[in-house]
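Asker: Quick one: sequence plus predicted model below, questions after.
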Amino acid sequence: MPRSKKQVTTKKKYAEKAVKDGQATGGQPVKRSASSKTPQLLRGFKDVLPIDQKYWDLIESRAKNLAIGFGYGRIRLPILEETQLFSRSVGKDTDIVQKEMFSFVDAGGDNVSARPEATASIARAYNEHGMINWSQPVKLFYFGPMFRREKPQSGRQRQFYQLGFEALGSAEPVIDAQLIAIFNKFLTQLGLGELVTIQVNSIGCVTCRAEYKQELVNYFKPKRKLLCEDCKKRLIKNPLRILDCKEASCQSILGEAPQILDWLDDECKDHFMKVIEQLDQLEISYNLNPYLVRGLDYYTKTVFEIWPKEKLGSQTALGGGGRYDGLVELLGGRPTPSAGFSVGIERVINLLKEKNIEIEEKNVPQVFLAQIGSQAKTKAMKLLELLQDEGIVVAESFAKDSLKAQLELSNKLKAKYTLILGQKEVLDGTILIREMEGGVQEIIDYKKAVDDLKRKLSMT
RNA sequence: GUGGCUAUAGUGUAAUGGUAGCACAGAGCCCUGUGGAGGCUUUAGCUCGGGUUCAAAUCCCGAUAGCCACCCCA
């Protein structure tokens, strides 16, 4: 009997569906073409769903703690800036500025861009708020989305989050070392310490880098035929980039190439040596990488990146940074030696997931509040707020009426206790409290429920 | 930006020209006030648009998206 009944309903549903789809209307089939009408994510943009929040929460709270510990104050910077801020700082010939920015002319005719990174904004803010009059160095940290219109891959999105620490107003090598130490500590606290390597190099100041560049060109020019096509272009555009080319033919002639460290002037060399000494003192292991070059124009002297030991796709760096002694001045301020680093949050999360690093689930409710019957439901809604006011993390499912379904949910949410409030309890002025693990439950006075629960929870 | 690979319920996957199936998740029942096990029922899908064919999830073309390599970068 139930079977035939169900068949009827099923047939009915099909009929309804057919009508909806236009098949039974006798006319043209109505095409749903859902995807053309359903709004979709923009290319390279992603939603972060509740299931992943634990990673984000963890990263942000670790960053905040480190910031407090090392004296970095949070700064929240705007997403949009004048386009020229980036062309002047990041470099107008860099790929980031030339082809990767979300730039547009707004309704008022201003040229604006979604920020592709935050250091330029930091320097702008330093000047704009007269931070030169604050006690130096000014230490700032930020956390927020950046935008680059690249072809997406895993670990490379058009909107991605960066966390950054910046110290402005000190030329001391200890600043460079401390930034590396913070970066390292951040990853270590996330359980990634053993899985990454720190790459360090110095690219000198404007003067000695120019000399080195010339030297590099002089070296490669006679060997031009041995270089790959890209590197032939780099020879003119950005000879430093030849150093990290992946082509075997280019790699093979790198060995004899002049090394930047030999061309640093006395001051730059001295600075770098001190940074290295500091790192040794701090017992931070690092890899001196003479081929490490960073893509943004404003870097000087110390540069560093942190790489996973096992390469994840073609994206090597989890993050990187360095010194940018000329940036503040370049943007119209006083000479202000500075340094900083930024971390790609999605890349860090990818690594955490890849290595199955366990993250404590923080949003486990302590108590689940179940109800049976409409009177009980109303009363439970009030109780819910009482519990919340006492700071108890409580879950509920007022939309479900069956106790069974509510207990199932309580179990799934891993609540320690379930409060059960039914018609009987409402009349008696009581409430049931069930300890989920053992299934023991007791009847208690409704008025004492909150206190009783608090006692039970604080005892565990 | 260049080149390559891929696209099936919410998720993970089968079916290779001929009836779209399975697992998990969701809803419901077995059990009308008691979760974790089991059984049953059910919801939900061929990315989109063209073409070839009697017939396309399957073959071809295009679009889109994801991934991979390059470029570049976090």
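Answerer: Nice, thanks for sending it over.
Asker: For burial, what's the neighbour tally of the closest residue to RNA strand B within the stretch 201-350 of chain A?
Answerer: Of all residues in the stretch 201-350 of chain A, residue A:295 sits closest to RNA strand B, at 1.7 Å by Cβ to the nearest atom of the strand. Heads up, the C-betas are built off the backbone N, CA and C, glycines and all. Burial of residue A:295, expressed as a neighbour count using other Cβ atoms under 10 Å, amounts to 14.
Asker: Would you mind giving the secondary structure of it?
Answerer: coil (DSSP: H, G, I helix; E, B strand; the rest coil).
Asker: What score does the closest residue to it other than its chain neighbours have for pLDDT?
Answerer: Leaving out its chain neighbours, the residue that sits closest to residue A:295 by Cβ to Cβ, 6 or more residues apart in numbering is residue A:94, at 6.1 Å. pLDDT, residue A:94: 86.
Asker: got it, and residue A:28?
Answerer: Residue A:28 is given a pLDDT of 34.
Asker: Then residue A:333?
Answerer: Note for residue A:333: predicted pLDDT of 96.
Asker: show me what contacts it?
Answerer: A:123, A:126-127, A:132 (Cβ atoms under 8 Å, 6 or more residues apart in numbering).
Asker: at 10 Å instead, please
Answerer: A:123-124, A:126-128, A:130-132, A:168, A:327 (Cβ atoms under 10 Å, 6 or more residues apart in numbering).
Asker: just checking, what packs against the helix or strand containing residue A:220?
Answerer: Residue A:220 belongs to helix A:206-220 when assigned by DSSP states H and E. Here helix A:206-220 touches helix A:229-237, helix A:260-263, helix A:266-281, strand A:300-308, going by 3 or more Cβ pairs under 10 Å, 6 or more residues apart in numbering; DSSP states H and E.
Asker: From the chain's centroid, how far away is it?
Answerer: 36 Å (Cα atoms, centre = their mean, to the nearest Å).
Asker: do the same with stretch A:150-158
Answerer: Using Cα atoms, centre = their mean, the offset of stretch A:150-158 from its chain centre is 14 Å.
Asker: Could you do stretch A:151-168 as well?
Answerer: That offset, for stretch A:151-168, works out to 7 Å (Cα atoms, centre = their mean).
Asker: Report the buried residues of that stretch.
Answerer: A:155-168 (16 or more other Cβ atoms under 10 Å).
Asker: and what of stretch A:200-218?
Answerer: In stretch A:200-218, counting by 16+ other Cβ under 10 Å, buried: A:200-205, A:208-209, A:212-213, A:215-216.
Asker: TSV for those, including pLDDT and distance to RNA strand B?
Answerer: Output for the buried residues of stretch A:200-218, formatted as TSV (pLDDT from 0 to 100; distance: Cβ to the nearest atom of the strand, whole Å):
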residue	pLDDT	distance to RNA strand B
A:200	95	14
A:201	94	13
A:202	95	16
A:203	92	13
A:204	93	18
A:205	91	19
A:208	89	21
A:209	88	15
A:212	90	17
A:213	88	15
A:215	89	20
A:216	87	15
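Asker: Need the max-distance pair from these.
Answerer: With Cβ to Cβ as the measure, no two of the buried residues of stretch A:200-218 lie farther apart than A:200 and A:215, at 21.4 Å.
Asker: What pLDDT does the model give the closest residue to residue A:87 other than its chain neighbours?
Answerer: Spatially, and ignoring its direct neighbours in sequence, residue A:87 is nearest to residue A:97 (5.1 Å; Cβ to Cβ, 6+ apart). pLDDT, residue A:97: 91.
Asker: again, but for residue A:34
Answerer: 37.
Asker: swap in residue A:13?
Answerer: Looking at residue A:13, the pLDDT reads 32.
Asker: near RNA strand B, which residues of the stretch 201-350 of chain A?
Answerer: Contact residues (Cβ under 7 Å from any atom of the strand) of the stretch 201-350 of chain A with RNA strand B: A:230, A:234, A:238, A:241, A:245-247, A:294-296, A:305, A:313-320, A:342-344, A:346-347.
Asker: Buried ones from the residues you listed, can you make that a PyMOL selection?
Answerer: The buried subset of these, as determined by 16+ other Cβ under 10 Å, is captured in PyMOL by this line:
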select buried, chain A and resi 234+238+245+294+296+305+315+316+317+318+319+320+342+343+344+346+347
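Asker: and the residue nearest in space to the middle of chain A, what is it in contact with?
Answerer: What sits nearest the mean C-alpha location of chain A, by Cα atoms, centre = their mean, is residue A:345, with 2.4 Å. Listed by Cβ under 10 Å, 6+ apart, the contact set of residue A:345 reads A:48, A:55-56, A:59-60, A:63, A:143-146, A:160-163, A:318-319.
Asker: can you tell me how far the spatially closest residue to residue A:239 that is not a sequence neighbour sits from residue A:104?
Answerer: Closest residue to residue A:239 apart from its sequence neighbours, by Cβ to Cβ, 6+ apart: residue A:216 at 4.7 Å. To residue A:104, residue A:216 is 38 Å away according to Cβ to Cβ, to the nearest Å.
Asker: try residue A:382
Answerer: Per Cβ to Cβ, residue A:382 is found 51 Å from residue A:104.
Asker: likewise residue A:68?
Answerer: Residue A:68 is 38 Å from residue A:104, by Cβ to Cβ.
Asker: hang on, residue A:96 packs against residue A:103?
Answerer: No: Residue A:96 is not in contact with residue A:103 according to Cβ atoms under 10 Å; the separation is 11.3 Å.
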